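Trainee: No sequence on hand, only this structure:
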């Protein structure tokens, strides 16, 4: 079965500092991987996704993520955080068959100090 | 396109009452799903469907029923609401053939007293 862990429940960074949010997954084959962001009181917005090919993927809002098969990880990074990046971030894993489900991690809450 | 729509936005139920959360999408997506979001637990999959007439259980299906009679609609039914079902519910849809990106509705905040 698929599962996703996000080891950091809450992270606080200063504006302008770099950011890395961790995501580890468990799945028997190579999965599809996603990062979503949720601002307070809002729905979810897709930041980026990995299906195949280059293991470093670029997303919206200056985010990137790197798929490391050997570590079963898909960490999200941003070189310089803006105050507007304060939000909840979710990693998700989907199976490589059409008819399977997407499972989400518990989320990491990001606070940004001005 | 309206995308994924959910009604109602807010709902308060008493324990034992029943209700249906509505979800509709106008993108002709085969795959639709329901999640519940609780603090510290992320989004947990309740039920999903890969097309009209086909549904399956997710991680937390107990207490919920679904059906999929059309491609567009995927209602979630609570037959006898319990306080443990107080949550925010999100419906999502995605294209099975192309991007695998899920499009989420705005959510329904449900309180069961």
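Mentor: Right, received. Where do you want to start? Every value quoted in this text rests on a predicted model; they were computed, and no experiment measured them.
Trainee: Write out the residues of chain B neighbouring chain A.
Mentor: Of all the residues in chain B, those in contact range of chain A (Cβ under 8 Å from any Cβ of the partner chain) are B:33, B:35, B:40-45, B:48, B:50, B:56, B:58-59, B:90, B:96-97, B:99-102, B:104-107. For glycine as for every other residue, the C-beta is placed from the backbone atoms N, C-alpha and C.
Trainee: just the buried members of these?
Mentor: The neighbour-count test (16 or more other Cβ atoms under 10 Å in any protein chain shown) applied to these identifies B:33, B:35, B:42-45, B:48, B:50, B:58-59, B:90, B:100, B:102, B:104-105, B:107 as buried.
Trainee: Least confident of these?
Mentor: Scanning these for pLDDT, the low point is residue B:100. It has 71.
Trainee: Leaving out sequence neighbours, find the closest residue to that residue.
Mentor: Across the structure, with Cβ to Cβ, 6 or more residues apart in numbering or on different chains as the measure, the residue nearest residue B:100 apart from its sequence neighbours is residue A:32 (5.5 Å).
Trainee: residue contacts, that neighbour?
Mentor: Contacts of residue A:32 were listed using Cβ atoms under 8 Å, 6 or more residues apart in numbering or on different chains, and they are A:49, A:50, A:51, A:93, A:94, A:95, A:96, A:102, B:100.
Trainee: which parts of chain A sit against chain B?
Mentor: Checking chain A against chain B by Cβ under 8 Å from any Cβ, the hits are A:6, A:9, A:32, A:34, A:42-44, A:46, A:49, A:51, A:90, A:94, A:98-99, A:101-107.
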